[in-house]
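1. quick one, structure for this:
(one chain, ligands or ions: 2)
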Amino acid sequence: MKIAVMGAGAVGCYYGAMLARAGHEVVLIGRPALVEAVQANGLILEMGGESHVIAVEVSDDPAAIAGAGMVLFCVKSSDTEDAGRQIAPYLSDDTLLLSLQNGVSNPERLQAVTGHAVIPTVVYVASAMAGPGVVRHEGRGDLAIGGPGSDAAAEVLNGAGVETVVSPDIIAAQWVKLILNCAYNALSAVADMPYGPLVAQDGIPELLEDNVAECRAVAEAAGVALPDGLLDNVRGIAKAMPGQYSSTAQDLRRGRMTEIDFLNGEIVRKGRELGVPTPINKTLTALVKLAETKLG
Ligand SMILES: NC(=O)C1=CN([C@@H]2O[C@H](COP(=O)(O)OP(=O)(O)OC[C@H]3O[C@@H](n4cnc5c(N)ncnc54)[C@H](OP(=O)(O)O)[C@@H]3O)[C@@H](O)[C@H]2O)C=CC1
Ligand SMILES: CC(C)(CO)C(=O)C(=O)O
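-> Residues are numbered from 1 along each chain as shown. Ligands and ions are numbered 1, 2, ... in the order given. Below you'll find the predicted structure:
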């Protein structure tokens, strides 16, 4: 199958590499520096202590997605509308369009600008760009998807060794991931620390627990049925990915604006709408925004 990745960064390059390794025809749409590096050296996947060179097509022109049976949409949340408008003319009725993004609003916003059905995709991977055209896998890689088209998409992804479950309640699955991001991302960014050392600091486990309770109150007021074991799930991330810096921390390190408005900022907005106090998420959002003012 021809599979296109819109937004070839840490997430897009990882899943693009996995699908290309399984024999799919993969085209990455990314920035010129990425295009140049991949054309020169192939896409390099660093995984399990080994370096793999993966043959993929690459372009900075969104028209390159034409004819794709599946599109993995992997840009940051603030780029959803722009990138969505760029790909819209090249989607066919039967293209499976997956939003592999954090936050809970992207699938709806992408659907609004493309006029195309979107499969929400919850991403559990720790990956980072180690240089142009070099993606480093640090842990996990499993996905949860839901809604129309999910069975067909899951078959392709599972067939390529990407563990993918079709969730009976993808909205709840997206909220669980949002809460996990709200718990870790801002703290990892502000402290510039990976999760393992972060949770070993005084007061951090208690703060995570209080934040999960705050987010849960917002989710419940929004009518989301969260599964049991949420706090254990959140705590488990630091054990599963002790060396990982959150994508928010990675953004600050690269001198980029973060997705904080779509993470803790989303909890603050929804809390305000629903009359639920969100002091922890307000504070974390403000701290990350303060750090953003220092970017060049
Ligand atoms: N990294 C991780 O471990 C995880 C990330 N996520 C989520 O996945 C999503 C993607 O994150 P991540 O891969 O880390 O982000 P990256 O910034 O690494 O990748 C996105 C890439 O898309 C490029 N891009 C944006 N718009 C366009 C465009 N119109 N045309 C071509 N290229 C474009 C960006 O370029 P530029 O930077 O120049 O704009 C960037 O290189 C986010 O929502 C994130 O929260 C979820 C789980 C884990
Ligand atoms: C899964 C996790 C927590 C990995 O770091 C992430 O989603 C992020 O960094 O944004």
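
2. quick check: which element contains residue 113?
-> helix 106-114 (DSSP states H and E).

3. can you give me the strands for the stretch 101-250 of the chain?
-> Ranges of strands in the stretch 101-250 of the chain, per DSSP state E, counting those that start in this stretch, are 119-131, 134-145, 164-166.

4. OK, contacts around the residue of the stretch 151-296 of the chain found nearest ligand 2?
-> Ranked by CB to the nearest ligand atom, the top residue of the stretch 151-296 of the chain for proximity to ligand 2 is residue 247, at 3.4 Å. In this view, the C-beta of every residue, glycine as well, is placed from N, C-alpha and C. Applying CB atoms under 8 Å, 6 or more residues apart in numbering to residue 247 gives the contacts 10, 102, 185, 259.

5. can you list the residues of the stretch 151-296 of the chain near ligand 1?
-> Residues of the stretch 151-296 of the chain found near ligand 1 (CB under 6 Å from any ligand atom) are 247, 259.

6. quick one, helices of the stretch 151-296 of the chain?
-> 170-191, 195-199, 204-221, 230-240, 247-253, 264-274, 279-293 (DSSP state H, counting those that start in this stretch).

7. shouldn't residue 35 be in contact with residue 56?
-> No - taking contacts as CB atoms under 8 Å, residue 35 lies outside contact range of residue 56: 10.9 Å.

8. which residues of the stretch 1-150 of the chain lie near ligand 1?
-> For the stretch 1-150 of the chain, the residues in contact with ligand 1 (CB under 6 Å from any ligand atom) are 7-12, 29-31, 74-77, 79, 82-83, 86, 100-102, 123, 125-127, 129.

9. just the buried ones from those, in ChimeraX syntax?
-> Those of these that count as buried under 16 or more other CB atoms under 10 Å are selected in ChimeraX with:
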select :7,8,9,10,11,12,29,30,74,75,76,77,79,83,86,100,101,102,123,125,126,127,129
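
10. in strands only, show me the residues of the stretch 1-150 of the chain next to ligand 1.
-> Counted as lying in strands by DSSP state E, out of those, are 29, 100, 123, 125, 126, 127, 129.

11. re the thing from before, residue 35 and residue 56: who's more crowded?
-> residue 56 (22 against 19; other CB atoms under 10 Å).
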